[in-house]
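Visitor: Okay, here's the prediction I keep looking at, along with the sequence it came from:
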Amino acid sequence: MGTVRVAVIGCGKFAEAQHLPNCAGSEKVELYYCSSRSEKGRQTAEKFGSKKITADYREILNDPKVDMVILSVPHEQHMFYIRETLNAGKNVLCEKPMTMTLEEAYEVIKLARTKGVKLCVDYNRRYSPSMIDLKKHFFAHRKN
């Protein structure tokens, strides 16, 4: 597979600190589309070189050129956007927690399987340098 055309829904602080720089800095990813309802979010998307920017996330879901959608929205909105994205037949990367209830999680898994798309949940903190260092010190302390 060549370059993956990625869209980001939600261009707030976490997207600005993580998703957008990661997309912009990867040779394997094209930051193709971003959606934000705020002017600041749209400016952030522009700063990272998004090819297209919209306030209406549905434009992203209707664009056949989008390969994958990164959801960077508040936790309580995850289920809504995951459902919309999977129903549009798009691969999705969602921040943790994927959903707020176990029932929602089962629905998401079933929907991803039914639609034949990939679903990933971003558990990035466990591999951050500070967490690795914290674990090392915790286990060293626990030994004593």
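Guide: Cool, got the structure.
Visitor: continuing past the helix or strand hosting Val108, what's the next helix or strand?
Guide: For Val108, the host element (DSSP states H and E) is helix 102-115. Sequence order places strand 119-122 as the next helix or strand after helix 102-115, per DSSP H and E.
Visitor: Give the rounded mean pLDDT of that next one.
Guide: Computed over strand 119-122, the mean pLDDT rounds to 90.
Visitor: name the helices or strands packed onto it?
Guide: On a contact count with 3 or more Cβ pairs under 8 Å, 6 or more residues apart in numbering; DSSP states H and E, strand 119-122 meets strand 91-95, helix 102-115. Where C-beta positions appear, they are placed from N, C-alpha and C, glycine not excepted.
Visitor: Using PDB, write out every CA atom in the helix or strand just after it.
Guide: Of the helices and strands lying after strand 119-122 in sequence (DSSP H and E), the nearest is helix 129-143. The C-alpha coordinates for helix 129-143 follow below in PDB (Å, rounded to 0.1, in the frame of the first residue of the first chain):
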ATOM      1  CA  PRO A 129       9.200   8.000  27.300                       C
ATOM      2  CA  SER A 130       7.900   9.200  30.600                       C
ATOM      3  CA  MET A 131       5.700   6.100  31.200                       C
ATOM      4  CA  ILE A 132       8.600   3.800  30.300                       C
ATOM      5  CA  ASP A 133      10.800   5.600  32.800                       C
ATOM      6  CA  LEU A 134       8.000   5.600  35.400                       C
ATOM      7  CA  LYS A 135       7.500   1.800  35.000                       C
ATOM      8  CA  LYS A 136      11.200   1.200  35.300                       C
ATOM      9  CA  HIS A 137      11.400   3.100  38.600                       C
ATOM     10  CA  PHE A 138       8.200   1.500  39.900                       C
ATOM     11  CA  PHE A 139       9.400  -2.000  39.300                       C
ATOM     12  CA  ALA A 140      12.900  -1.200  40.700                       C
ATOM     13  CA  HIS A 141      11.200   0.200  43.900                       C
ATOM     14  CA  ARG A 142       8.900  -2.800  44.100                       C
ATOM     15  CA  LYS A 143      11.900  -5.200  44.100                       C
END
